[in-house]
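Undergrad: One predicted model, sequence on top.
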Amino acid sequence: MRINRRQFNKLVATGTLSAVSWSGSAVSWAGAIGATTKRTDIRPVEASLKTELYPFRTPLKFGGRVVNDLTGLNVEVEVENREGRRAKGTGAMPVGNVWAWPGGVTDPEMTSKAMILFAEKVIQRGRVFKEFGHPLEVTHDFSACYEDIARETVQELGIKEPMPKLAQKNATSPFDAALFDAFGKLYDVNVHHLLSKEFCNRDLSYYFDATRFGDDCRGEYLDQYTRRTPQARMPLYHLVGALDPLTPADITSPINDGLPEDLIQWILYNGLTHLKIKLNGDDLAWDVARVLNIDRVTAETQKKRNCTEWFYSVDFNERCANVEYVLEFFAKIREGSPQAFERLQYAEQPTHRDLKAFPENKMHLAAKIKPIVIDESLVDNESLLDCRRMGYSGIALKACKGHGASLLMGAAAQKYKMFLCVQDLTCPGASFLQSATLAARIPTVAAIEGNARQFCPKANDPWVEKYPSMFVINDGTVGTNVLTGNGLY
């Protein structure tokens, strides 16, 4: 009997079939990890998960939702290679349930609980995953069982809706990161030196099967789309939330913790040159006024610093009804301030994340004006193809979707000549370093977002002494040159 790739991967992930021992079986598929092997291949043998709650110093509003804290997932994984050598790696990521599972059918407290339980079940299953391979291969094949685990999780909790794929990816991304981290530590090298044919059993065409990109990248590997040495420094995108004060006059409830409390203070404190502006997406007058006000305040502040060049991005968090909203927004910004319009680098996820349910939301006309970047919609190869067909011209990579999957999407974006950026999930500490190393290793990414320093700075404290250039910001940039250690960063 011959089975397809997904069927095979699911059998392997659930432990029903071994990719190494199946060659004499009646079941066959030539794409198995076991079809070719490397001495450097690994598998997970132990894994653990801990959670940590981080309260926010000020609320964060996006997409009509307000967040006051985050729960961090911290994972440790031990791996072994074919010779029995072992090493441990770690991964971390916030539970972004409000972003990844916003449907409204299940309340946020329960979606958070479900994502944590799902992560725990994945960890348990990961301990008994028997197949050796490169971390890219192991995480790819192991993910075939995630849908089953997700169904089991929502049934156990009595939830009446399926767990979205984006929520699954978010919850499993620390496990993914820990595998990559352990792989590099096992061989005493940064893992981004281990992405070539010498270490991978499969080329890129395996991951993009039955797509034009899959045909175009046969014989290619991730080392051709990543840097061996990270970018030395990268501009930091600062988040301006919908509730954030712009001037001292806007502050209604002072925090008085010694950190900036309005946009003017933040620009002067960090020397900022890149601002990401959260918009409503369903109130054009408010959105336009917000951007023009931010531009006015920023221009006045940058003049004091003798700074003549700075940039904006805007994020509608899928609230726009259609592309006409975006086109009118662009027109009114250009009319109100040609300078602000020129400073606008890109617009992120204007309309609903469900591309198939809203096929009329095509972005071709808007993408002729500014890069239109996909975020929440991007969860797999199919969604990548859908977003390109619908006119999206850029991709927002996020470490919370998995390090390996993000590297693959970064390769596809370069192949398709799409605009690339790396976005945050209010990632503190280790999770910010994971996000930053992703950005610093992909050639066409120009800047990185990082807003935990604004909303939960205490979570960064344990990391400041070891990585001061990443957490002490003076000139609007982060020193990503330090992300060269053994492991992931």
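TA: Okay, I see it.
Undergrad: Look up how far Pro235 lies from Pro162.
TA: 38 Å (CB to CB, to the nearest Å). For every residue, glycine as well, the C-beta is placed using N, CA and C.
Undergrad: er, Cys427 I mean
TA: Cys427 is 17 Å from Pro235, by CB to CB.
Undergrad: rewinding a little: out of Pro162 and Pro235, which sits in the more crowded spot?
TA: Pro235 (18 against 13; other CB atoms under 10 Å).
Undergrad: just checking, the more buried one touches Leu275?
TA: No: Pro235 lies out of contact with Leu275 (CB atoms under 8 Å); the separation is 10.6 Å.
Undergrad: Need the overlap of contacts for these two.
TA: Shared contacts of Pro235 and Leu275, defined by CB atoms under 8 Å, 6 or more residues apart in numbering, are found at Phe311.
Undergrad: mind listing the strands for the protein?
TA: 42-62, 65-81, 86-94, 234-240, 274-278, 311-315, 344-348, 372-374, 394-397, 419-422, 448-449, 477-478 (DSSP state E).
Undergrad: Give me the residues contacting the last one.
TA: Which is strand 477-478. Contact with strand 477-478 is made by 233-236, 436, 448, 450, 469-470, as judged by CB under 8 Å, 6+ apart.
Undergrad: want to try JSON lines for those, with distance to Asp283 as columns?
TA: Listed next are these as JSON lines, based on distance: CB to CB, whole Å:
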{"residue": "Arg233", "distance to Asp283": "37"}
{"residue": "Met234", "distance to Asp283": "33"}
{"residue": "Pro235", "distance to Asp283": "29"}
{"residue": "Leu236", "distance to Asp283": "28"}
{"residue": "Ala436", "distance to Asp283": "33"}
{"residue": "Ile448", "distance to Asp283": "29"}
{"residue": "Gly450", "distance to Asp283": "28"}
{"residue": "Ser469", "distance to Asp283": "39"}
{"residue": "Met470", "distance to Asp283": "36"}
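Undergrad: So which of those wins on neighbours?
TA: Busiest of the contacts of strand 477-478 [other CB under 10 Å] is Ala436, holding 29 neighbours.
Undergrad: thinking again about what came up before, let's have the strands of the chain in a markdown table, adding mean pLDDT.
TA: Output for the strands of the chain, formatted as a markdown table (pLDDT from 0 to 100):
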| stretch | mean pLDDT |
| --- | --- |
| strand 42-62 | 94 |
| strand 65-81 | 95 |
| strand 86-94 | 98 |
| strand 234-240 | 98 |
| strand 274-278 | 97 |
| strand 311-315 | 98 |
| strand 344-348 | 98 |
| strand 372-374 | 97 |
| strand 394-397 | 96 |
| strand 419-422 | 96 |
| strand 448-449 | 96 |
| strand 477-478 | 98 |
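Undergrad: I'd like to know how many residues surround Val128.
TA: If we define neighbours as other CB under 10 Å, then Val128 has 10 of them.
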